[in-house]
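A.B. asks: pasting the structure only:
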C-alpha cells in the first residue's frame with residue numbers, strides 16, 4: 001500500500017523549489033483515510049493506524065494545508081509549520097527554497 005521512500009525522494013530531488021518533504025514515524029497511507037475510522041479490524045492490518053491516529057492525521061493536515069495555502073492561495077498564515085517541524089511524529093524533514 002505504500003510507495004517506497006526512494007521513489008518519493010527521487011520526485012523531491014527533481015522538483016523545483018520551493019519544496020518540502022516530510023516522513024512521519026509509524027505511519028502508512030491508511031493513517032489518514034477516513035474510511036479506516038469505521039473499520040474496527042483496520043488496526044490489525046494497517047500498522048500506522050494502530051496508535052496515535054489523531055496526531056498523525058493532524059500532521060498530514062497541518063503540513064498539507066500550510067503548503068497549499070502558501071503556494072496556491074498566497075496565504076502565509078500557516079507557513080510557520082513549513083519552517084520547523086512541530087509534530088512529534090515527524091521523522092525526517094527536508095526543505096529547499
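C.D. replies: Structure's in. What do you need? These numbers were taken from a predicted model, which means no experiment stands behind them.
A.B. asks: How many residues are close by the residue lying closest to residue 78 once chain neighbours are set aside?
C.D. replies: Sequence neighbours aside, residue 66 is the residue nearest to residue 78 in space, at 3.9 Å (criterion: Cβ to Cβ, 6 or more residues apart in numbering). C-beta coordinates here come from the backbone N, C-alpha and C atoms, glycine included. Residue 66: 20 surrounding residues under other Cβ atoms under 10 Å.
A.B. asks: which other helices and strands contact the helix or strand that contains residue 66?
C.D. replies: Element membership of residue 66 [criterion: DSSP states H and E] is helix 53-68. For helix 53-68, the packing partners by 3 or more Cβ pairs under 8 Å, 6 or more residues apart in numbering; DSSP states H and E come out as strand 19-24, helix 80-83.
A.B. asks: Dump those into a markdown table; add distance to residue 4, mean pLDDT and mean neighbour count as well.
C.D. replies: As requested, the helices and strands packed on helix 53-68 are exported to a markdown table (distance: least, Cβ to Cβ, whole Å; pLDDT from 0 to 100; neighbours: other Cβ atoms under 10 Å):
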| stretch | distance to residue 4 | mean pLDDT | mean neighbour count |
| --- | --- | --- | --- |
| strand 19-24 | 12 | 82 | 18 |
| helix 80-83 | 25 | 84 | 15 |
